[in-house]
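Visitor: mind folding the following:
(one chain, ligands or ions: 1)
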Amino acid sequence: MSVLVFAESQNGQFKKAAFEAVTYANKTAQVLGTDCIAICIGDAADAGQLGKYGASKVLQVNDASLNDFDSQIYTSIIAQAAQANNASVVVMMHSSCGKSLVGRLSARLNAGSAPGVNQLPTNDGSFKVKKNVFSGKAIAEIEISSDIKVVSVMGNSLQPEATGSDVAVEAFSADVPARRVSVKEVNKVQGSVPLPEAELVVSAGRGMKGPENWGIIEELAELLGAATACSRPVADTHWRPHHEHVGQTGVAIRPNLYFAIGISGAIQHLAGVNSSKVIVVINKDPEAPFFKAADYGVCADLFDVVPKLTEAFKKFKNA
Ligand SMILES: Cc1cc2nc3c(=O)[nH]c(=O)nc-3n(C[C@H](O)[C@H](O)[C@H](O)COP(=O)(O)OP(=O)(O)OC[C@H]3O[C@@H](n4cnc5c(N)ncnc54)[C@H](O)[C@@H]3O)c2cc1C
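Guide: Presented below is the predicted three-dimensional model:
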């Protein structure tokens with residue numbers, strides 16, 4: 001028996017999410033009294049470093065032609081690794097790749113699955129995991145009773161823990177099915193911090209009055225090393241690009257710190273951000289619903305507060 005974790009990489013590098021996934025899988029293996037084995041697909045360098053996060057063994061299908069994610073091929077390889085290593089649990093992050101793998105893998109392995117969990121499984125003989133449901137308004141406890149279980153883990157559910165050391169990397173020889181879909185072109189979103197992975201997010205809404213005023217948001221975000229985000233009407237009116245839209249119909253995020261500036265806090269917006277660890281709201285309306293979800297609230301004109309906040313952060317950083 002083992003816990004198998006898929007460690008995602010991009011352009012030959014592991015994402016932070018890969019370390020989170022291995023940490024989660026290692027802790028799950030400890031709960032079950034077994035080993036954590038990592039698998040990576042593509043030519044990611046330094047795969048042995050996954051040992052630091054708890055993998056006792058790293059399997060790699062080191063083939064640059066597999067660097068581009070393909071859900072069908074990756075499903076086939078991960079399922080073969082799960083069977084070869086007698087995995088009782090298969091773990092991945094709830095990223096766009098992970099989301100597309102969970103269902104396929106559970107069908108392939110005849111496994112029960114829980115997508116988007118945010119806590120470790122129980123340690124009481126059953127396998128129960130928790131996830132947020134109904135836009136974060138409730139927490140569901142899910143018991144998986146099949147022999148093999150597949151779970152994907154929400155980003156930022158736990159911090160990666162590098163307490164171990166590098167381990168040997170073994171080549172995993174899998175039957176790789178023919179690619180049925182190929183990516184012809186990728187137009188990368190500009191911006192230094194990808195929104196779904198960002199630990200700090202500065203987000204703004206219609207209170208900004210127009211796109212010409214976004215300089216103060218960008219300046220604050222750049223200073224903090226944060227990603228920028230926005231409410232839906234802001235993206236719908238093309239003040240900001242659609243990939244910044246967060247909420248029920250946009251990206252769901254879970255940063256450590258979320259600034260909501262000139263955003264009312266409608267339920268559809270909250271649905272995508274209310275799992276943030278700390279929420280700071282700046283709004284001039286004391287009745288704005290967002291204040292109910294805020295850890296810190298500033299009831300004032302954003303055009304007054306945001307530049308002052310930026311100045312204060314500059315002074316703090318230079319001190
Ligand atoms: C099916 C459906 C799905 C939806 N999905 C989403 C979604 O995914 N994401 C999303 O964001 N919305 C979504 N919406 C829209 C949502 O209901 C709200 O309409 C939207 O979030 C409001 O955006 P806003 O807060 O930027 O604008 P507004 O509601 O116009 O709020 C602007 C806020 O700025 C404040 N403000 C104004 N001027 C200043 C100032 N100078 N200083 C400080 N504060 C100021 C105001 O007090 C106000 O609270 C959805 C709606 C529906 C029906």
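Visitor: contacting residues for the residue lying closest to residue 53 once chain neighbours are set aside?
Guide: When the adjacent residues along the chain are set aside, residue 53 lies closest to residue 22, with 3.9 Å between them (Cβ to Cβ, 6 or more residues apart in numbering). Yep, even glycine has a C-beta here, placed from its N, CA and C like the rest. If you count contacts by Cβ atoms under 8 Å, 6 or more residues apart in numbering, residue 22 has them with 5, 7, 36, 38, 50, 53-55, 160.
Visitor: neighbour count and secondary structure added to those, as JSON lines?
Guide: Compiled in JSON lines, the contacts of residue 22 are given as follows (neighbours: other Cβ atoms under 10 Å; DSSP: H, G, I helix; E, B strand; the rest coil):
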{"residue": "5", "neighbour count": "33", "secondary structure": "strand"}
{"residue": "7", "neighbour count": "29", "secondary structure": "coil"}
{"residue": "36", "neighbour count": "28", "secondary structure": "strand"}
{"residue": "38", "neighbour count": "31", "secondary structure": "strand"}
{"residue": "50", "neighbour count": "33", "secondary structure": "helix"}
{"residue": "53", "neighbour count": "25", "secondary structure": "helix"}
{"residue": "54", "neighbour count": "27", "secondary structure": "coil"}
{"residue": "55", "neighbour count": "31", "secondary structure": "coil"}
{"residue": "160", "neighbour count": "17", "secondary structure": "coil"}
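Visitor: and the least confident of those?
Guide: Lowest in pLDDT among these is residue 160, which has 93.
Visitor: I'd say that residue and residue 24 touch.
Guide: No: taking Cβ atoms under 8 Å as the definition, residue 160 is not a contact partner of residue 24, at 9.2 Å.
Visitor: now the strands: where do they sit in the stretch 1-150 of the chain?
Guide: For the stretch 1-150 of the chain, the strands defined by DSSP state E, counting those that start in this stretch occupy 2-6, 9-10, 13-14, 35-41, 57-61, 87-93, 112-117, 128-133, 138-143, 149-153.
Visitor: what residues are up against the closest residue to residue 214 other than its chain neighbours?
Guide: Leaving aside its chain neighbours, residue 214 sits nearest to residue 208 (6.5 Å; criterion: Cβ to Cβ, 6+ apart). Residues in contact with residue 208, defined by Cβ under 8 Å, 6+ apart, are 214, 217, 234, 239, 261-262, 302.
Visitor: same thing with residue 120?
Guide: Applying Cβ under 8 Å, 6+ apart, one finds that residue 120 lies in contact with 24, 27-28, 31, 129, 158.
Visitor: could you dump these to CSV with neighbour count, pLDDT and distance to the ligand?
Guide: Listed next are the contacts of residue 120 as CSV, based on neighbours: other Cβ atoms under 10 Å; pLDDT from 0 to 100; distance: Cβ to the nearest ligand atom, whole Å:
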residue, neighbour count, pLDDT, distance to the ligand
24, 31, 98, 27
27, 17, 97, 32
28, 25, 97, 32
31, 16, 94, 35
129, 21, 96, 26
158, 16, 89, 26
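Visitor: what would these look like in a markdown table with distance to residue 110?
Guide: Compiled in a markdown table, the contacts of residue 120 are given as follows (distance: Cβ to Cβ, whole Å):
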| residue | distance to residue 110 |
| --- | --- |
| 24 | 23 |
| 27 | 25 |
| 28 | 20 |
| 31 | 23 |
| 129 | 19 |
| 158 | 28 |
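Visitor: contact residues of the stretch 151-300 of the chain facing the ligand?
Guide: Listed as neighbours of the ligand in the stretch 151-300 of the chain under the rule Cβ under 6 Å from any ligand atom: 205-207, 231-234, 247-250, 262-264, 266, 268-269, 272, 282-285, 288.
Visitor: list only buried entries from these.
Guide: Among those, those buried by neighbour count (16 or more other Cβ atoms under 10 Å) are 205-207, 231-232, 234, 247, 250, 262-264, 266, 269, 272, 282-283, 288.
Visitor: which of those fall within helices?
Guide: When helices are assigned by DSSP state H, the members of these inside them are 232, 234, 269, 272.
Visitor: make TSV out of those and add pLDDT.
Guide: Compiled in TSV, these are given as follows (pLDDT from 0 to 100):
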residue	pLDDT
232	98
234	98
269	97
272	92
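Visitor: and of the residues you listed, the nearest to residue 117?
Guide: When these are compared for distance to residue 117 (Cβ to Cβ), residue 272 comes out closest, at 17.9 Å.
Visitor: so the closest one is in contact with residue 253, correct?
Guide: Yes: shown here, residue 272 and residue 253 form a contact pair, counting by Cβ under 8 Å, at 6.4 Å.
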